[in-house]
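Student: My questions concern the predicted model and sequence given below.
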Amino acid sequence: MVTEAPDVRLRRIYDDPVDDDGIRVLVDRRWPRGVSKARAELDEWCAEVAPSDALRKWYGHAPERFEEFAARYRHELEDPERAAALRHLQLMTSHDRLTLLTATKQVEISQAAILAQILRATPTRV
């Protein structure tokens, strides 16, 4: 049985959906301002996997805090509810491309980037 890295992409929820997005999942705790549910074209909103409000507010998307944010967020992902949500995302990667969506302007230093890194490191069986 061959294993391969899951196909996980990152995009902003404000970007128009594209045909090859695969499964589209919003991974923010709060619904993004100015985006209708119809325009988002989501397959799922997985708020349970998002960082806590306290961690999100502490971080404030300050680039100099990203490394510490990543460590704290990975620790939060050990919480049973968040761990279950992460396993759910891992299952999705075995079926199709997974596009993680977030409202943040700097996707590369967001929780979505950390989730993508974790998901890509968990090979799927083919």
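Tutor: Yep, that arrived.

Student: Just the strands from the chain, written as ranges.
Tutor: Secondary structure of the chain (DSSP state E): strands at 3-4, 8-12, 23-26, 44-45, 98-102, 124-125.

Student: Distance to residue 88, mean neighbour count and mean pLDDT added to these, as JSON lines?
Tutor: C-beta: built from backbone N, CA, C; applies to glycine. Shown next, in JSON lines, are the strands of the chain (distance: least, C-beta to C-beta, whole Å; neighbours: other C-beta atoms under 10 Å; pLDDT from 0 to 100):
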{"stretch": "strand 3-4", "distance to residue 88": "20", "mean neighbour count": "10", "mean pLDDT": "68"}
{"stretch": "strand 8-12", "distance to residue 88": "14", "mean neighbour count": "18", "mean pLDDT": "96"}
{"stretch": "strand 23-26", "distance to residue 88": "9", "mean neighbour count": "21", "mean pLDDT": "96"}
{"stretch": "strand 44-45", "distance to residue 88": "9", "mean neighbour count": "16", "mean pLDDT": "96"}
{"stretch": "strand 98-102", "distance to residue 88": "11", "mean neighbour count": "25", "mean pLDDT": "97"}
{"stretch": "strand 124-125", "distance to residue 88": "14", "mean neighbour count": "12", "mean pLDDT": "56"}
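
Student: Residue 65: which of those is closest?
Tutor: When the strands of the chain are ranked by distance to residue 65, counting by C-beta to C-beta, first place goes to strand 98-102 at 16.8 Å.

Student: Show me how far that closest one is from its chain's centre.
Tutor: Strand 98-102 sits 5 Å away from the centroid of its parent chain (C-alpha atoms, centre = their mean, to the nearest Å).

Student: same deal with stretch 64-73?
Tutor: 15 Å.

Student: Please apply the same query to stretch 83-90.
Tutor: For stretch 83-90 - counting by C-alpha atoms, centre = their mean - the centre lies 11 Å from the chain centre.

Student: Give the rounded mean pLDDT of it.
Tutor: In this model, stretch 83-90 carries a mean pLDDT of 96.

Student: please renumber so the chain begins at 34
Tutor: OK, 34 is where the count begins now, so the last one is stretch 116-123.

Student: centroid residue for the chain?
Tutor: To find the centre residue of the chain, average its C-alpha atoms and take the closest one (C-alpha atoms, centre = their mean): that gives residue 145, at 3.5 Å.
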